[in-house]
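>>> Any chance you can model this:
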Amino acid sequence: MAVKDKEVLMEADHVKVYFKGKTRKAPPVKAVDDVSFSIMKGETFGVVGESGCGKSTLGRTLIRLLDSTEGHIYLSGEDIAGMRGSQLKQMRKKAQIIFQDPSACLNPRRTVKQILMEPFEIHNMTGQMDVDARIMELLNLVGLDAYHLSRYPHELSGGQKQRIGIARALALEPELIICDEAVSALDVSVQAQVLNLLQELKEKLGLTYFFISHNLNVVYQVSDRVGVMYLGKMVEIADCDQLYEKRYHPYTEALLSAIPQVGEEHRTERIRLKGEVPSPSNPPSGCRFHTRCPKACEKCSQQMPELKEVEPGHFVACHLY
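Below is the predicted model:
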C-alpha cells in the first residue's frame with residue numbers, strides 16, 4: 001500500500017495485537033487485527049475511528065511500546081517487530097511519541113530541564129554533546145523560554161506541558177513521531193496553536209507524523225493521507241482530499257456525515273448508525289461492520305472483505321466494490 005514515487009519510511013505488514021481475556025477461558029481481545037499500510041517519508045498519515053477501534057494500540061505498537069502478536073513492522077526497511085535490548089534502544093532514536101494527556105506523561109517531581117535531560121541520559125549522550133545548548137534549542141523550537149527550565153509541570157498550562165512533551169519527543173532527532181490524540185486534551189484555542197506548531201516543525205525538521213485523532217476536522221487540517229479504522233481493521237485508506245470528496249466505505253460515509261456543516265448549499269444528511277459497536281473479543285463474522293451497515297448484504301456476514309485499490313491510491317475493504 002505504498003504511494004508511487006515516494007520513499008516508504010514505515011510499513012505495517014499484517015500486524016495483529018491481541019490481549020488476553022479477563023479469564024483463562026475468555027477469548028482474546030483483538031485490538032488490532034491484520035492491519036497493513038505504509039507511511040511515506042515526510043507525510044502526515046492520519047488515523048480516525050470511534051473510541052476503542054484500536055487507533056492508539058496500533059500507534060504504540062508501531063514504536064514497540066506494545067508488542068505485536070503477529071506481523072512485521074518495518075522502519076527504514078528494518079524489521080523492528082522482533083527487536084530486543086540494544087537494538088530496540090537504538091530504534092527509539094528514530095521513532096518517538098507525543099501522548100494525549102500532557103499532565104500524565106510528565107514526571108511531577110522533575111523540573112522541565114530534568115525532563116528534557118532524560119533522553120540524553122538514557123542514551124548516554126551527556127558527554128558527547130553540549131546538552132544544555134541542545135535543551136535551549138528544543139525550548140526555542142516549541143516556543144518556550146529559558147525561565148521555564150526551573151518550573152515543575154504543575155506550574156505550567158496545558159499548552160505549555162504539551163509543548164514540553166513535543167520538545168522531549170524531538171530531543172533525539174527522530175524521523176517518525178506518533179501523535180496519539182496530541183491535542184484532544186487541550187482547549188480549542190490552544191489546540192490550534194499546537195497544531196500550527198506541529199506543522200511548522202514538520203516543514204522545518206522534515207518530520208513524518210502518524211496522527212491519531214477522533215476529530216475529523218483536525219485530521220483534515222493536518223493530514224496528507226487518512227486511514228479509517230473500525231473494530232481493529234483498516235477499512236479505507238486514501239489521500240485526505242480524495243477521501244473527503246469521495247468515500248466508498250459506508251462507515252467512512254457515516255463518520256464524515258457527523259462533521260458539523262455551515263450553510264445549506266452543500267449540507268448532507270446525517271447518517272445515524274444503529275446498534276452498538278461489537279466487542280473486540282467477540283467480533284462478528286465476515287465484515288466487522290455488517291451488523292450496523294445500512295448497505296449490508298448476505299455476503300458481508302460470511303466473508304471478510306480484503307483491502308483493495310478502487311482508484312489510484314484509494315483502498316477500501318468492502319464487498320460493494
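
>>> Kindly provide the distance from the closest residue to Asp187 other than its chain neighbours to Tyr18.
Beyond its immediate neighbours in the sequence, the residue positioned closest to Asp187 (CB to CB, 6 or more residues apart in numbering) is Gly158, lying 6.9 Å away. The way it works is simple: take the backbone N, C-alpha and C, and place the C-beta from them, glycine included. Distance check for Gly158 against Tyr18: by CB to CB, to the nearest Å, it reads 34 Å.

>>> Ok, Thr252 next?
Thr252 is 25 Å from Tyr18, where distance means CB to CB.

>>> between these two, who's got more neighbours?
The neighbour count for Thr252 versus Tyr18, taken as other CB atoms under 10 Å, is higher for Thr252 (22 against 18).

>>> pretty sure the more buried one belongs to a helix, no?
Yes. Membership of Thr252 in a helix is supported by DSSP: H, G, I helix; E, B strand; the rest coil.

>>> related to what we said a few turns ago, go ahead and confirm the residue nearest to Asp187 touches Val188.
No. Proximity of Gly158 to Val188 does not meet the contact threshold set by CB atoms under 8 Å, at 11.7 Å.

>>> In terms of neighbours, single out the busier of those two.
The neighbour count for Gly158 versus Val188, taken as other CB under 10 Å, is higher for Gly158 (16 against 7).

>>> Return the residues in contact with that one.
Neighbouring residues of Gly158 by CB atoms under 8 Å, 6 or more residues apart in numbering: Pro102, Ser103, Ala185, Leu186, Asp187, Val190.

>>> Leaving out chain neighbours, which residue sits closest to the first one?
The one in question is Pro102. Lys161 (3.5 Å).

>>> And the fourth one, by the same measure?
Distances taken as CB to CB, 6+ apart place Gly158 nearest to Leu186, at 5.3 Å, with adjacent residues excluded.

>>> Show which residue of the protein lies farthest from the average position.
Distance from the centre of the chain peaks at Gly127, with 33.8 Å (CA atoms, centre = their mean).

>>> Can you tell me the SS state at it?
Gly127 - assigned by three-state DSSP - is coil.

>>> measure Ala104 to Ala185 for me?
Separation of Ala104 from Ala185 (CB to CB): 9 Å.

>>> what does Thr208 give?
Distance from Thr208 to Ala185, by CB to CB: 23 Å.

>>> right, and Thr61 touches Thr69 too?
No. With contact defined as CB under 8 Å, Thr61 does not count as touching Thr69 (9.3 Å).

>>> quick one: the strands in the protein?
When assigned using DSSP state E, the strands of the chain occupy the ranges 8-19, 29-40, 44-48, 70-75, 78-79, 95-98, 176-180, 208-212, 225-230, 233-239, 308-311, 314-316.

>>> Gln162: what's it in contact with?
By CB under 8 Å, 6+ apart, the contact list for Gln162 reads Ile98, Pro102, Ala182, Val183, Ala185, Leu186, Val190, Val194.

>>> just to revisit the earlier point, which of Thr61 and Thr69 has more neighbours?
Thr61 (25 against 16).

>>> what's across from the residue nearest to the spatial centre of the chain in the sheet?
Centroid check for the chain by CA atoms, centre = their mean gives Ile212 as the closest residue, at 3.2 Å. Note on Ile212: beta-bridge partners by DSSP bridges are Val47, Asp180.

>>> give the contact list for it.
By CB under 8 Å, 6+ apart, Ile212 lies in contact with Gly46, Val47, Lys55, Ser56, Gly59, Ile178, Cys179, Asp180, Glu181.

>>> confidence score at it?
At Ile212, the model reports a pLDDT of 95.

>>> what's stretch 278-289 in contact with?
Residues outside stretch 278-289 that contact it (CB under 8 Å, 6+ apart): 21, 26-31, 33, 52, 54, 230-233, 235, 249-251, 290-291, 293, 296, 299-305, 317-319.

>>> cutoff 7 Å now
Stretch 278-289 has contacts (CB atoms under 7 Å, 6 or more residues apart in numbering) with 21, 26-31, 230-233, 235, 250-251, 290-291, 300-305, 319.

>>> and that stretch, average pLDDT?
On average, the pLDDT along stretch 278-289 is 89.

>>> Next, the buried residues of that stretch.
Judged by neighbour count (16 or more other CB atoms under 10 Å), stretch 278-289 contains these buried residues: Pro278, Pro280, Ser281, Pro283, Gly286, Cys287, Arg288, Phe289.

>>> In the stretch 151-300 of the chain, where is pLDDT below threshold?
Applying pLDDT under 70 to the stretch 151-300 of the chain flags residues 260-268.

>>> if we go to 90?
Judged by pLDDT under 90, the stretch 151-300 of the chain has its weakly predicted residues at 181-192, 214-221, 241, 243-247, 253-283, 290, 292-298.
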